[in-house]
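K.L.:
Dropping a prediction and its sequence here:
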Amino acid sequence: MIRIISGQWGGQNIAAKPSPKMRPTSDKVREALFSQLEARWITSWEDIVVLDLFAGSGAFGFEALSRGASFATFVDHHLQTVKAIESAAKNFETTEKVEILCKGSLEAIRWLYNRGTKFDLIFLDPPYREDWVLATLNSLADYPLLKKKGLVIAEYDKREAVSQVEAVWKQEDARRYGDTTLAFFTPKDL
């Protein structure tokens, strides 16, 4: 079970059945991430719109909603995972604040861009060591989905290299937790 850490659903579990490739982010890492967001970037969750790419259990998006985010879009290409996120949204009685897309993340980025959707926070938690962070950041540079002061938070294996994105993205901060790295990116042109 994956636990919501804080906010209106704090302490409640997300009933997720992880697929073999799913690697849920530990409570410790999620708690550190959200503490850092609230200490440095977010003074109020009230108007925050979130995109949870490679959503898996939906823990990042649901944690943001629990803390007061106004809307969350979840993207995952596994139908069973999408159904589990839909079930969790119903359990939390928040279906009016969520959009759930059964698409690959790169396809979803293009689709959301063409629709004109913009986000304050984009959580990026793909499978480790498959170069998805680099590919997704490049796609987000080609199809910008961030609002003016938006932030991309990427979780990846400490052995992955993301330095190739430095031409387009500014890494605001990065923290290591065991084998996990959390990095915070903003577009360089803003």
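P.N.:
Yep, it's here.

K.L.:
Name the spans of this structure whose pLDDT lies under the cut-off.
P.N.:
Low-confidence segments of the chain (pLDDT under 70): 16-23, 163-164, 190.

K.L.:
so where do the strands sit in it?
P.N.:
2-3, 13-14, 49-53, 71-76, 98-102, 119-124, 146-157, 169-177, 180-187 (DSSP state E).

K.L.:
May I see these arranged in TSV, with mean neighbour count as well?
P.N.:
Bear in mind the C-beta positions are built from the backbone N, C-alpha and C, glycine included. Output for those, formatted as TSV (neighbours: other CB atoms under 10 Å):
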stretch	mean neighbour count
strand 2-3	18
strand 13-14	18
strand 49-53	27
strand 71-76	25
strand 98-102	19
strand 119-124	24
strand 146-157	19
strand 169-177	14
strand 180-187	20
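
K.L.:
Which one of these lies nearest to Ala59?
P.N.:
Ranking the strands of the chain by proximity to Ala59 (CB to CB) places strand 2-3 first, at 5.1 Å.

K.L.:
Any figure for the gap between Ala84 and Ile2?
P.N.:
Using CB to CB, to the nearest Å, we find Ala84 at a distance of 10 Å from Ile2.

K.L.:
now swap in Gly10 and tell me
P.N.:
In terms of CB to CB, Gly10 sits 13 Å off from Ile2.

K.L.:
Trp132 is in contact with Glu160, correct?
P.N.:
No - Glu160 is beyond contact range of Trp132, at 9.1 Å (criterion: CB atoms under 8 Å).

K.L.:
which of those two has more neighbours?
P.N.:
Counted by other CB atoms under 10 Å, Glu160 and Trp132 do not tie: Trp132 has more neighbours, with 20 against 17.

K.L.:
so who does the residue nearest the centre of the chain touch?
P.N.:
The centre of the chain sits closest to Phe123, judged by CA atoms, centre = their mean, with a distance of 1.9 Å. Contact analysis of Phe123 by CB atoms under 8 Å, 6 or more residues apart in numbering lists Val50, Leu51, Asp52, Leu53, Phe60, Gly61, Ala64, Ile153, Glu155.
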